[in-house]
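**Q** return atomic coordinates for the entry below.
(4 chains)
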There are 2 protein chains.
Amino acid sequence: MTVAELSLLPHRPADRHPGGDPRSTASSEILSTVTLFPAGAEIYAEGEKCGTFYQVEFGAVRVYRLSVDGRRQILAFHLAGETFGLEPFQTHHFFAEATCATGIRMRRTAPMQDRAAEDLLPMALTGLVRAQEHLLVLGRQNSLERVAAFLLDLSERQGGLGEVELPMSRIDIADYLGLTIETVSRSFSKLRQKGIIRLSSMRSVEFVRPQCLRDMAAG
Amino acid sequence: MTVAELSLLPHRPADRHPGGDPRSTASSEILSTVTLFPAGAEIYAEGEKCGTFYQVEFGAVRVYRLSVDGRRQILAFHLAGETFGLEPFQTHHFFAEATCATGIRMRRTAPMQDRAAEDLLPMALTGLVRAQEHLLVLGRQNSLERVAAFLLDLSERQGGLGEVELPMSRIDIADYLGLTIETVSRSFSKLRQKGIIRLSSMRSVEFVRPQCLRDMAAG
DNA sequence: CGAAAAATTGATGGGCGTCAAGTCAAGTGG
DNA sequence: CCACTTGACTTGACGCCCATCAATTTTTCG
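**A** Numbers count the residues shown, from 1 in each chain, chains lettered A, B, ... in the order given. Got it, this is the predicted structure:
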């Protein structure tokens, strides 16, 4: 996969200035380059050297590992506005790929300097909390509960409105929830048939009865 | 459950001096109290205020959460020599209990001071790595693979010899691996029948064919 | 030794994986 | 604009793994 590069102002999709040259502005130190990754493009691979932080500008990223027989477990999705790339080793133990057309701001880290630890801790803790929540889902919930919990999690991270955009395929969702795409699909259908959600499009879910979802996800 | 307190020198079981008064020795700042928790005793509970670090002297600890309908998911075991208690909120979101007779050294943390962050990061990262490994197991492995991975993990953390002491019940193992005690028991039996392990006692597992275990756990 | 808890073993059923076919959406070229 | 292709998603049929229920054995501990 090829990768296009373009210079952008920091942060929000609305802030993008594809025409200008943002490097010439006053606040030059917080500026950086945003790279565009098409769906499926690799951001980093298992075995590569660590040392870069990534911030998602738009789109989404999957971080996963493969077992020897090809089974894939997605450990985390990273959505617009979120930061990732911290791993406690010299080399990456995971793969990171864009799940759809995704813009990513990359920042090379000073290799383990003094100030760094303070920035790192919140990042590590966020990852830890997410992983722990994820463990509860994988360990003890059935397929419907998993999908409900997933939709709610996405919704909260997108701002908590009654509509969720799914920036990833069913396969990605399945590999995140420890299910198959068929089971994920059936779960969506069941939620739809029960009038709990509505699928305005393939990748857009509307919460018709949000409390129902919450009750299910609570397990 | 009641809790007995006794003063001890730091770290290893062999270091214990239940008779003397270790506080009067020269290296007084690293001294602290070791509390003895009988099997099942609560160390902290969901909702309690954070602010203490714990180091396991001997025995083991389970950290878990309950869902509304009573299902329990154990997120982590902490064995002799390991440290725990870090949670990124003001109050605990989990329960911590001794899985067997357990000695724990407790150290109250300066509430978020400067130096603290540096000590915290390795702890957070260890937790993160463990949680991620655990996610792979819960997401994609069958019961035999889970038990194999669990035994190997315990073995490594105990020094990597061909014998593992299980400082927890089958129920604890089941709730850690997202299985039932029956399935855990059957998995042990199957591994035993295949000549891969031997159960020298209820809570002591000998690796007869370690490579077999590793092949299974690799998934 | 006797009671209670823990662990094992067996029988049965359900949920989810697997295999397979069908539907839908998006893109391409004529 | 429409036939065709391709990939993603959905739906159905079937089987297996593991949960559930139940009985028995083993271990622990008073």
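**Q** when you work out contacts or count neighbours from here on, use the C-alpha atoms and nothing else.
**A** Will do.
**Q** the residue nearest the centre of chain A: what secondary structure?
**A** Residue closest to the average C-alpha location in chain A (CA atoms, centre = their mean): A:H78, at 2.0 Å. For A:H78, the assignment made with DSSP: H, G, I helix; E, B strand; the rest coil gives strand.
**Q** now swap in A:E182 and tell me
**A** helix.
**Q** what parts of chain A come near DNA strand C?
**A** Residues of chain A found near DNA strand C (CA under 7 Å from any atom of the strand) are A:Q141, A:N142, A:S143, A:L144, A:G178, A:L179, A:T180, A:E182, A:T183.
**Q** max pairwise distance over these: which two?
**A** A:Q141 and A:E182 (17.1 Å; CA to CA).
**Q** which one of these two has more residues nearby?
**A** Taking neighbours as other CA atoms under 10 Å in any protein chain shown, A:Q141 and A:E182 compare with A:Q141 leading, 21 against 12.
**Q** out of everything not next to it in sequence, what's closest to that one?
**A** A:G219 (6.4 Å; CA to CA, 6 or more residues apart in numbering or on different chains).
**Q** need the contact list for that neighbour.
**A** The contact partners of A:G219, by CA atoms under 8 Å, 6 or more residues apart in numbering or on different chains, come to A:Q141, A:E145, B:S67, B:V68, B:D69.
**Q** looking at the residues you listed, spot the one nearest DNA strand C.
**A** DNA strand C has its nearest neighbour among the contacts of A:G219 in A:Q141, at 6.9 Å by CA to the nearest atom of the strand.
**Q** and the closest one, what pLDDT?
**A** At A:Q141, the model reports a pLDDT of 98.
**Q** now swap in the one 4 residues further on and tell me
**A** Predicted confidence (pLDDT) at A:E145: the value is 98.
**Q** grab the nearest non-local neighbour of it.
**A** A:A217 (4.8 Å).
**Q** confirm the one you found sits in a helix?
**A** Yes: looking at A:A217 with three-state DSSP, it is inside a helix.
**Q** what separation do you get for it and A:Q211?
**A** Look at A:A217 and A:Q211: by CA to CA, to the nearest Å, they are 10 Å apart.
**Q** of those two, which one has the most company?
**A** Set side by side, A:A217 and A:Q211 show more neighbours around A:A217, with 22 against 11, by other CA under 10 Å.
**Q** the more buried one and A:S143 touch, don't they?
**A** No: contact criterion CA atoms under 8 Å: A:A217 and A:S143 do not qualify, at 10.2 Å.
**Q** all strands for chain A, in order.
**A** With strands called from DSSP state E, chain A shows them at A:4-8, A:32-37, A:42-44, A:52-58, A:60-66, A:72-79, A:83-84, A:95-98, A:102-108, A:163-165, A:197-201, A:204-207.
**Q** report the contact partners of A:I196.
**A** Applying CA under 8 Å, 6+ apart, the residues contacting A:I196 are A:F207, A:V208, A:R209, A:P210, A:C212, A:L213.
**Q** and A:F95, by the same measure?
**A** Contacts of A:F95 (CA under 8 Å, 6+ apart): A:E42, A:I43, A:Y44, A:A45, A:E46, A:R62, A:V63, A:Y64, A:R65.
**Q** wait, A:A98 sits on A:E57?
**A** No: under the criterion of CA under 8 Å, A:A98 is not in contact with A:E57, lying 11.7 Å apart.
**Q** shared neighbours of the two, which are they?
**A** Common neighbours of A:A98 and A:E57 (CA under 8 Å, 6+ apart) do not exist.
**Q** now do the closest residue to A:L79 other than its chain neighbours, the pLDDT please.
**A** In space, and not counting its chain neighbours, A:L79 is closest to A:A60: 4.6 Å by CA to CA, 6+ apart. For A:A60, the model assigns a pLDDT of 98.
**Q** tell me which residues in stretch A:132-144 are buried?
**A** Within stretch A:132-144, the residues scored as buried using 16 or more other CA atoms under 10 Å in any protein chain shown are A:Q132, A:H134, A:L135, A:L136, A:V137, A:L138, A:G139, A:R140, A:Q141, A:S143, A:L144.
**Q** so does that stretch get close to DNA strand D?
**A** No: using CA under 7 Å from any atom of the strand, stretch A:132-144 stays clear of DNA strand D, with a minimum separation of 8.4 Å.
**Q** give me the contacts around that stretch.
**A** A:145-146, A:149, A:177-179, A:183-184, A:187, A:191, A:216, A:219, B:65, B:71-73, B:75, B:131, B:134-135, B:138-139, B:176-179.
**Q** one more: stretch A:173-189?
**A** Applying CA under 8 Å, 6+ apart, the contact partners of stretch A:173-189 are A:72-76, A:137-138, A:143-144, A:146-147, A:170-171, B:138-140.
**Q** can you do 7 Å?
**A** A:72-75, A:138, A:143-144, A:146-147, A:170-171, B:139-140 (CA atoms under 7 Å, 6 or more residues apart in numbering or on different chains).
**Q** and the furthest pair within those?
**A** Among those, the pair separated by the greatest distance (CA to CA) is A:R72 and A:L144, at 20.5 Å.
**Q** let's have the contacts of A:I196 in TSV, adding pLDDT, neighbour count and distance to chain B.
**A** Shown next, in TSV, are the contacts of A:I196 (pLDDT from 0 to 100; neighbours: other CA atoms under 10 Å in any protein chain shown; distance: CA to the nearest CA, whole Å):
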residue	pLDDT	neighbour count	distance to chain B
A:F207	97	22	23
A:V208	97	15	23
A:R209	97	14	20
A:P210	96	15	18
A:C212	96	16	15
A:L213	96	21	15
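**Q** cool, thanks, signing off.
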